[in-house]
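A.B. asks: Sequence plus the predicted model coming up.
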Amino acid sequence: MEAQPTAAQPTAAHTIETVFRLESPRVVAGVARIVRDVGIAEELAQDALVAALERWPRDGVPDNPGAWLMATARHRAVDLVRRRETYARKLAEIGRDLETTAPASYDEPADPDDIDDDLLRLVFTTCHPVLSPEARTALTLRLLGGLTTAEIARAYLVPEPTIAQRIVRAKKTLATKNVAFEVPYGPDREARLGSVLDVIYLIFNEGYAATAGDDLLRPGLCEDALRLARVLSALMSKEPEVHALTSLLEFQASRTAARTGPDGTPVLLKDQNRRRWNRMLIARGIRALGRAEATGAPGRYALQAAIAACHAHAYSYEETDWRTIATLYGLLASRAPSPVVELNRAVAVSMAEGPAEGLKLVDALTAEPALRDYHLLPSVRGDLLARLGRTAEAREEFVRAAGLARNESERRLLRAKLRSLPGQ
C-alpha cells in the first residue's frame, strides 16, 4: 500500500523551502570557494536541497538546518573535486591541504566571518567586467539575493526567458574565462566597485520593498546586503561611496520594525512610530556618513544617505527638513539623473512648497517610458490630487496604482487609500 503523506511532511517541506531560500547564497558562496565555478556551486547547492527533501520529512528537521545544507553541499563539492579529472591540476596545487583539513572543517558550521568573506568573493566574481551590467545584476540577484528567475524578471519588467538566458550565459562566461573566485586588488577592484555597490543596493531594496509576493519585507536580503556593505567598508576604508552606501543601508534598516503593521500592511513614513526606529543603526549610519564625507566628495550614495539622515534626525514627521531634502534630491538628479529620483524630488517639493508645486513635477513625468508601469507614479499623483481636494482624479490614480502593484501588501495599502477618500 502506498504511504500517505503525514501532517509533518508539509511542515518539513515548507521549512526546507524557507531555509533554502535564506541560506542558498551562503551555501553557493561557500561551495564556490572549493569548486571555483559558480554554476557548479549552484548545482551542488540544489543537490543539497534534494537531499534535504529526501531526509528531513523522514528524519526530522535538524537543529541547525543552514549548517546541514552547507555541510552536505561542501561534502559533495570535495567529492567532486577529488573525482573529476578536470580538477586534477587544482588538486595538484591545493589537494594535499584540502584532503588533510577539509573533512573535519566541513562537518562544522561555518564561522560567520568566513561566510561574509565567501559572500564578498561571490559578489565580486558575479560583478566581473567580462559580464554585461545586465548579466552581473541578474546573476548576483539570483545567487546572492536568492531571487527566482521570475522575481528578477518582474523586478526589471523583462520576459522571464530573457533573464534565464542572461543567467545561464553569465555562468558559462565566468567558467570559460576562468574568472578567479576572489576579492580583486588594485585597479581591478576599483573597476568592479561601482557594479558591486549597485548590486548590494539592489539586493537590499528587494528585501526592503519586495517587488512581488504577499510580504512587503524580506529581512534576510536586507541583512545580507548590510553585512556585505559593512565588510566592504572595512576592506576599502578609503572609498567614500562604500561608506556612503553602508550609511544609507544602516539608516534604511533602522526603520524596518516600524514599516509594517501587525497584519503586514505597509505603514507610511508619516504614520510610523519613530520610537520603534533602531537608534543603534541610526548611530551607525551617522558614523558611516561621517567617514564618507571625510574621505571624498559626495557621490550619489552619499547624497541618498544625507537624505536618509534628514529623516533620521527628525523626531516627528512634522519636524522633517523637507527643504533640505528637496535640495539634496536636486543635487542627486543632476549627478545621477533618474525618473525615480525626480519622482522622489517631487514628493519632497510638495512637502516643502505645497502639493501644487509637487504635482507640476509629477505631471512632467507621466510620459516617461521608464515609469509607464511603475505603480508609485500614480500612487504619488493620487496623494497630491487628494491633498488638493481633487478626489475623483485621486480615486482614478489609486485604482491604476493598485492594478500596477505586484506586491499584495502594497495593493492593500492602495485600497485603504481609496477607502479613505471622501465620499467612499
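C.D. replies: Thanks, I have it. Numbers count the residues shown, from 1 in each chain.
A.B. asks: okay, now Thr78: neighbour count?
C.D. replies: Careful, residue 78 is Val; it's not Thr. 18 (other C-beta atoms under 10 Å). C-beta coordinates here come from the backbone N, C-alpha and C atoms, glycine included.
A.B. asks: Please report how far it lies from Val35.
C.D. replies: Note on Val78: its distance to Val35, by C-beta to C-beta, to the nearest Å, is 9 Å.
A.B. asks: same deal with Leu235?
C.D. replies: If you go by C-beta to C-beta, the gap between Leu235 and Val35 works out to 24 Å.
A.B. asks: So for those two, which residue has more residues nearby?
C.D. replies: Taking other C-beta under 10 Å, Leu235 and Val35 do not tie; Val35 has more neighbours (23 against 13).
A.B. asks: Now the more buried one: closest residue in space that isn't a chain neighbour?
C.D. replies: Ala77 (5.2 Å; C-beta to C-beta, 6 or more residues apart in numbering).
A.B. asks: Can you tell me the element the one you found falls in?
C.D. replies: Assigned by DSSP states H and E, Ala77 falls within helix 65-83.
A.B. asks: quick one: buried residues of that helix?
C.D. replies: 65-78, 80-81 (16 or more other C-beta atoms under 10 Å).
A.B. asks: Least confident secondary structure element in the protein?
C.D. replies: helix 88-106 (a mean of 49; mean pLDDT, DSSP states H and E).
A.B. asks: Okay, strands next: where are they in this structure?
C.D. replies: Here the chain has no strands by DSSP state E.
A.B. asks: any low-confidence regions in it?
C.D. replies: In the predicted model, the chain carries pLDDT under 70 at residues 1-12, 84-116, 145, 154-157, 209-218, 424.
A.B. asks: for it, what's the longest helix?
C.D. replies: helix 8-35 (DSSP state H).
A.B. asks: burial of the residue nearest to His313 when sequence neighbours are not counted, as a residue count?
C.D. replies: Nearest non-adjacent residue to His313, counting by C-beta to C-beta, 6+ apart: Asp321, 7.7 Å away. Residues within reach of Asp321, counting by other C-beta under 10 Å, total 17.
A.B. asks: so Asp321 touches His311, yeah?
C.D. replies: No. At 9.1 Å, Asp321 and His311 do not qualify as touching, with contact defined as C-beta atoms under 8 Å.
A.B. asks: Just the buried positions in stretch 234-248, please.
C.D. replies: 236, 239-248.
A.B. asks: Leu289: which of those residues is nearest?
C.D. replies: Taking C-beta to C-beta as the measure, Leu289 lies nearest Ser247 of the buried residues of stretch 234-248, at 4.0 Å.
A.B. asks: so what's the closest one closest to, chain neighbours aside?
C.D. replies: Closest to Ser247 by C-beta to C-beta, 6+ apart is Ala288, at 3.6 Å.
A.B. asks: Does the one you found touch Glu250 like I think?
C.D. replies: Yes. Using C-beta under 8 Å, Ala288 is in contact with Glu250, at 6.0 Å.
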